[in-house]
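> Let's see this in three dimensions:
(2 chains)
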Amino acid sequence: MKKEKKCITCIVCPIGCKIYYTIEGNNFELIEGNKCKRGVEYARSEALDPRRMLTTSVLVKNGEWPLVSVKSNKPVPKKLIFKVLQKIKTLSVNAPIKSGQIIIKNVEGSNIDFIATKTIKVIKDN
Amino acid sequence: MINQNVDLAIIGAGPAGLASALSASENGINKIIVLDRNDWLGGILTQCIHDGFGVEETGESMTGPEYAEMYIKKVKKKKIKIMKETMVLDINKKKEITAVNKKGLHKIKTKKVIFATGCREKTRWHIMIPGDRPSGIYTAGVAQGFINLYNKIPGKNVVILGSGDVGLIMARRLKFEGANVIGVVEILPYASGLPRNVVQCLDDYDIPLYLNHTVTYIRGRERLESIKIAQVNQNMQIIPKTEKEIKCDTLLLSLGLIPENELAKKIDIKIDKITGGPIVNQNLETSEPDFYACGNCLQVYDTVDALSIDAKKAGKQAAININKKNGKKSKSIAIKPGKGVRYIIPQKIDKPGKIHMSLRVKKPQKKSKLTIISKGEEIFNKKLPWVNPANMVIFDVKITREIIKSSNTIEVNID
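Sure thing, here's the model as predicted:
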């Protein structure tokens, strides 16, 4: 593994320190730039295993709305984001849906569930 | 005409309307009515499906619809009447509201009014971008509604003008939906949205941010075909020969928000030229007694948490004052934005006590000091590790009876 020098903007607080570090395989080394300890932790986790909460929407059948908004129940590894999104695009779910209900379990074997963040009633006949 | 008498009428059932209704109810008012033209509650939160809402208020990061539902549930447990799909047409100083819905025309007489009418997005015409008038140009919030509520993608090759939070969040959202997001163009030397959004919406997906750039021309016959962007200098003037053409079919505008106060203006409520919202006192009461303002029609907030706290105050104060006669006007002092401060709320204080204030600075800067000056003397100071126009500065100050008695203005500075 090659030793790489990198820089990220810390987002723990709004100061936005530019933190410089090197990464060689799983070996993280801080160079400089952080004003507090939390910055080191942020840079380390961003360098070794970046994850994001993922929010998107899923198609709804027979609902008052054509979509239900969903969120991941835990942060998704960054490299899986588009794979997960592609899978979600192929799915649909029937109304009624309650906010908090699990919509997709263990998407793409990632051990991550997606939960409805909105309540969708069944569409009324006009 | 359907006639009703209430104690408190709230116009708008977005987060501000819901929070103020809840708080008024908790403070003892029973006859509350909330009017909203949409057929849902929660206003714009419904289309904000990303997370980050409610962190300061509840310690939990919620999505917009979740945050809205939290309030909707609480409001539904109270004796609060909600009229959806109802458009307020007129209002007068006698506190009579004219509204219309499918059932007909309504006349609502009330003792107090809270404006919670939200804000609107700036359009192409606010910054006068020259060129053709093809389809494919949307404000970022409209595009957000298309995608998140109605399942319509506005286009395939997208440029975003303006780096406000809505624009940044839409860059990521469009990327998630498979669009090609060409870049975000910002006239200022820094992003106007929160740093967190620059990192998580742009940097994460390698979407370029063109600082010190603006859109100089729009070209397209039916549909948008291309735009021209150019670099600007420190005075925001276009630098010759830096212009380049970008092929795209969609341009999203994230140029900022304007408080919506058409109704308030009908009854000559005084408007702050900088915020675009009513001038208010420490209770969020406007220049017209019995009329209050909260939420994004008062000032454009950066978090819903801060917005709800203020909206609850408006509801509470309306409740406390419900049966009080408006006596003689007590002396008030004006709070003026001084050095480094773009605006401050409230703009007036007429009662001593701990005053909750919020302001925005003109420029981002590191280590700063906030000072409040009354008659040449410093009455308050606070050190701030950083300030940024994207982040409201919120603080409490004790204003004594003596200060109100002895001066006409106090000035707030950020050095």
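> and chain B, which residues reach chain A?
B:46, B:49-51, B:61-63, B:65-66, B:69, B:148-151, B:176, B:194-196, B:198-200, B:203-204, B:366, B:385-386, B:388, B:390-391 (CB under 8 Å from any CB of the partner chain). (Each C-beta comes from the backbone N, C-alpha and C, glycine too.)
> tell me how far the ends of stretch B:243-259 are from each other?
33 Å (CA to CA, to the nearest Å).
> ok, back up a step: list buried residues within the residues of chain B next to chain A.
B:46, B:49-51, B:62-63, B:65-66, B:69, B:148-149, B:176, B:194-196, B:198-200, B:388, B:390-391 (16 or more other CB atoms under 10 Å in any protein chain shown).
> Okay, buried residues for the helix or strand encompassing A:R44 please.
If you go by DSSP states H and E, A:R44 is part of helix A:37-48. The neighbour-count check on helix A:37-48 (16+ other CB under 10 Å) flags A:39, A:42-44, A:46-47 as buried.
> Check which element follows it along the chain.
Downstream of helix A:37-48 (by DSSP H and E), the next one is strand A:51-52.
> Now find how far off-centre that following strand is within its chain.
4 Å (CA atoms, centre = their mean, to the nearest Å).
> ok, now which ones touch B:V304?
B:15, B:45, B:53-54, B:64, B:67 (CB atoms under 8 Å, 6 or more residues apart in numbering or on different chains).
> And it, how close does it get to chain A?
B:V304 sits 15 Å away from chain A, going by CB to the nearest CB, to the nearest Å.
> Out of the contacts of B:V304, which is nearest to chain A?
Here the nearest of the contacts of B:V304 to chain A, counting by CB to the nearest CB, is B:G64; it sits at 8.0 Å.
> Next, please give the residue ranges for the helices of chain A.
Secondary structure of chain A (DSSP state H): helices at A:37-48, A:81-89.
> which of the residues in the last one are buried?
Along helix A:81-89, these residues count as buried under the neighbour rule (16+ other CB under 10 Å): A:81, A:84-85, A:88.
> now it, how far from the centre of its chain.
The answer for helix A:81-89 is 11 Å, by CA atoms, centre = their mean.
> Could you pull up the mean pLDDT of it?
Here helix A:81-89 scores 96 as its mean pLDDT.
> Can you give the contact residues for that helix?
A:52, A:54, A:56, A:58, A:70, A:72, A:76, A:104, A:107-108, A:110, A:112, A:114, B:176.
> For the closest residue to B:C48 other than its chain neighbours, what are phi and psi?
Counting by CB to CB, 6 or more residues apart in numbering or on different chains, B:C48 lies nearest to B:G64, which is 3.1 Å off, once chain neighbours are set aside. Recorded main-chain torsions at B:G64 are phi -60, psi -50, according to degrees, to the nearest 10.
> For B:G64, the count of nearby residues, please.
27 (other CB atoms under 10 Å in any protein chain shown).
> Packing partners of the lowest-mean-pLDDT helix or strand in chain A?
Of all helical and strand segments in chain A, the minimum by mean pLDDT, DSSP states H and E falls on strand A:4-9, at a mean of 88. With contacts taken as 3 or more CB pairs under 8 Å, 6 or more residues apart in numbering or on different chains; DSSP states H and E, strand A:4-9 sits against strand A:18-24, helix A:37-48.
> closest to chain B out of these?
helix A:37-48 (9.3 Å).
> What lies in contact with that closest one?
For helix A:37-48, using CB under 8 Å, 6+ apart, the contacting residues are A:6, A:8, A:10-13, A:17, A:19, A:21, A:23, A:26, A:28, A:30, A:33-34, A:51.
> still on that earlier bit, quick check, nearest of the buried residues of helix A:37-48 to B:G340?
A:G39 (26.9 Å; CB to CB).
> So the closest one versus A:V12, what's the distance?
For A:G39, the distance to A:V12 equals 6 Å [CB to CB, to the nearest Å].
> Then B:P65?
Taking CB to CB, one finds B:P65 at 27 Å from A:V12.
> And B:G43, by the same measure?
Plainly put, B:G43 is 30 Å away from A:V12 if you go by CB to CB.
> neighbour-wise, which of the two wins?
Higher neighbour count among B:G43 and A:V12: B:G43, with 24 against 17, using other CB under 10 Å.
> What does the pLDDT read for the closest residue to that one other than its chain neighbours?
Among residues not flanking B:G43 along the chain, B:G14 sits closest, at 2.4 Å (CB to CB, 6+ apart). What the model reports for B:G14 is a pLDDT of 98.
> what do you get for A:N126?
The model's pLDDT for A:N126 equals 54.
> before we move on, the earlier item: residues contacting the residue nearest to B:C48?
B:42, B:44-50, B:53, B:304.
> among those residues, which are in helices?
Reading helices off the contacts of B:G64 with DSSP H, I get B:V304.
> which of the contacts of B:G64 sit farthest apart?
B:G42 and B:H50 (14.9 Å).
> And stretch B:146-155, how far out from the chain middle?
With CA atoms, centre = their mean, you get 23 Å for stretch B:146-155.
> Point out where chain A drops to low pLDDT.
Within chain A, the ranges that satisfy pLDDT under 70 run A:1, A:14, A:125-126.
> Near chain B, which residues of it are found?
So far as CB under 8 Å from any CB goes, chain A lies against chain B at A:8-9, A:11, A:14-16, A:52-53, A:55-57, A:59, A:65-67, A:69, A:71, A:78, A:85, A:99, A:117-119.
> 7 Å instead?
Residues of chain A lying close to chain B (CB under 7 Å from any CB of the partner chain) are A:9, A:11, A:14-16, A:52-53, A:55-57, A:65-67, A:69, A:71, A:85, A:99, A:117-119.
> Not counting the least confident helix or strand of chain A itself, show me its contacts.
A:16, A:18-23, A:43, A:46-47, B:195, B:199 (CB atoms under 7 Å, 6 or more residues apart in numbering or on different chains).
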